[in-house]
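Q: Fold the stuff below for me.
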Amino acid sequence: MREILAGIDIGGTSIKLAFFSEEGDIVTKWEIPTNKADGGKGIFEDVKKAVSEKLEKLQIPYEALKAAGVGAPGPVDTEKGILDGAVNIGWKDNFPLRDLMQSALEVPVVIENDANAAALGEMWKGAGAGAKDLICVTLGTGVGGGVIVKGDIIHGANGAAGEIGHITSVPRDGYMCNCGKEGCLETVASATGIVRSAKDKLAIYEGDSILKKQLQENGDISAKDIFDAAKAGDVLANETVALLADHLGLALANIGSVFNPERIVIGGGVSKAGDFLINEIKQAFNRYAFKPVMESTEFVLAQLGNDAGIVGAGWLAANKI
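A: The predicted structure follows:
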């Protein structure tokens, strides 16, 4: 009987699941809606049912399931198995995620922050494969991150290591962040941040811009609109992208001086801008980085997309239990 591992990535809208071989090959993957009713209490029964039904469909006995890894939003105490709240789901502080999932699935479970899980996924089967010292940055609605040293994630004293989005990028008069702090990197380097920067520029810009026309016609612009306009040579769009790259390049150069990564992996929705964005960030990084760090750091685009979290959860099941 072949042994099966489960990877589970819990998000505010959906829960992604996958079965893995011990070598990390995906046997199957699927997703279910996140049941947020009554403070998310039904999620564990939903996951148990989804796992049981999928094993039955694949004609694999439940006993073949040996372990599960779980990625979840929020700071995690991996040793105690506690999630420090997931507001989007309704879970409170000091939430015993590991024990509740373990009781539901009846196999050993290890939990991890979702951004860290995505970083581990990219290291195991994605753009970080072969590297043991890397930094993963997820540019989406916010800026997430994971720092991997010698093949394992760094957690810090209370699980908040790798919170790249909350590096203070604009020390004075910066935008207010959702975390309650002013001037965080994610206020300027996320999809939300770049749109806000572009709109602020447009409010006082007197020249012609593709973005000005789009904003007038549609009432809004997106991060994709900004990158498309920049690629087309729009001056204001290029200034906005350069500002994002400058903030991110400086932050990564400072992180680089602490960890000296072999590779920096850029993922998330904003990374769909591709090599155009990578080149901008790399140029900024090179301006600010300590020379030995600059020379040893490679920038690459993430490869796993939305699968990074479940692959990282699979790595946890394979390597932490």
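
Q: Quick one: mean pLDDT over stretch 219-238.
A: Mean pLDDT, stretch 219-238: 96.

Q: And the contacts of it?
A: Contact with stretch 219-238 is made by 191, 194-195, 198-199, 201-202, 205, 207, 209-212, 214-215, 240-241, 269-270, 272-273, 276-277, as judged by CB atoms under 8 Å, 6 or more residues apart in numbering. Placement of C-beta: from N, CA and C, glycine included.

Q: if we go to 10 Å?
A: Contact partners of stretch 219-238, identified using CB atoms under 10 Å, 6 or more residues apart in numbering, comprise 139-141, 190-195, 197-199, 201-202, 205, 207-215, 218, 239-242, 244, 269-270, 272-274, 276-277, 280.

Q: Same question for it: list its buried residues.
A: Within stretch 219-238, the residues scored as buried using 16 or more other CB atoms under 10 Å are 221, 223, 225-230, 234, 236-238.

Q: State the distance spanning the first to the last residue of stretch 179-190.
A: By CA to CA, to the nearest Å, the extent of stretch 179-190 from end to end equals 14 Å.

Q: if we can go back for a sec, present the buried residues of stretch 219-238 as JSON lines; the columns should include distance to residue 58.
A: Formatted as JSON lines, the buried residues of stretch 219-238 follow (distance: CB to CB, whole Å):
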{"residue": "221", "distance to residue 58": "45"}
{"residue": "223", "distance to residue 58": "39"}
{"residue": "225", "distance to residue 58": "43"}
{"residue": "226", "distance to residue 58": "44"}
{"residue": "227", "distance to residue 58": "41"}
{"residue": "228", "distance to residue 58": "42"}
{"residue": "229", "distance to residue 58": "47"}
{"residue": "230", "distance to residue 58": "46"}
{"residue": "234", "distance to residue 58": "50"}
{"residue": "236", "distance to residue 58": "53"}
{"residue": "237", "distance to residue 58": "48"}
{"residue": "238", "distance to residue 58": "50"}
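
Q: Save those as JSON lines, and put in distance to residue 250 and secondary structure too.
A: Below are these laid out as JSON lines (distance: CB to CB, whole Å; DSSP: H, G, I helix; E, B strand; the rest coil):
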{"residue": "221", "distance to residue 250": "25", "secondary structure": "coil"}
{"residue": "223", "distance to residue 250": "20", "secondary structure": "helix"}
{"residue": "225", "distance to residue 250": "25", "secondary structure": "helix"}
{"residue": "226", "distance to residue 250": "20", "secondary structure": "helix"}
{"residue": "227", "distance to residue 250": "20", "secondary structure": "helix"}
{"residue": "228", "distance to residue 250": "25", "secondary structure": "helix"}
{"residue": "229", "distance to residue 250": "24", "secondary structure": "helix"}
{"residue": "230", "distance to residue 250": "20", "secondary structure": "helix"}
{"residue": "234", "distance to residue 250": "24", "secondary structure": "coil"}
{"residue": "236", "distance to residue 250": "22", "secondary structure": "helix"}
{"residue": "237", "distance to residue 250": "21", "secondary structure": "helix"}
{"residue": "238", "distance to residue 250": "18", "secondary structure": "helix"}
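
Q: Go through those residues and say which is closest to residue 183.
A: Closest to residue 183 out of the buried residues of stretch 219-238 is residue 223 (20.1 Å), distances taken as CB to CB.

Q: And for that closest one, nearest residue in space, chain neighbours not counted?
A: Using CB to CB, 6 or more residues apart in numbering and skipping residues adjacent in sequence, the residue nearest residue 223 is residue 191, 4.1 Å away.

Q: What does the one you found show for phi and psi?
A: phi -60, psi -40 (degrees, to the nearest 10).

Q: Looks like it contacts residue 141 (just checking).
A: Yes - with contact defined as CB atoms under 10 Å, residue 191 and residue 141 form a contacting pair (6.0 Å).

Q: intersection of neighbour lists for the two?
A: Jointly contacting residue 191 and residue 141 under the rule CB under 10 Å, 6+ apart are 223, 268-270.

Q: At which residues are the strands of the stretch 51-200 of the chain located?
A: With strands called from DSSP state E, counting those that start in this stretch, the stretch 51-200 of the chain shows them at 65-72, 76-77, 82-83, 109-113, 134-139, 143-149, 152-153.

Q: With just CA atoms, put the fourth one into PDB.
A: These are the backbone C-alpha positions of strand 109-113, laid out as PDB (Å, rounded to 0.1, in the frame of the first residue of the first chain):
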ATOM      1  CA  VAL A 109      -0.400  17.400  11.400                       C
ATOM      2  CA  VAL A 110       2.000  20.300  11.300                       C
ATOM      3  CA  ILE A 111       1.000  23.900  10.600                       C
ATOM      4  CA  GLU A 112       2.700  26.800   9.100                       C
ATOM      5  CA  ASN A 113       2.000  30.400   8.000                       C
END
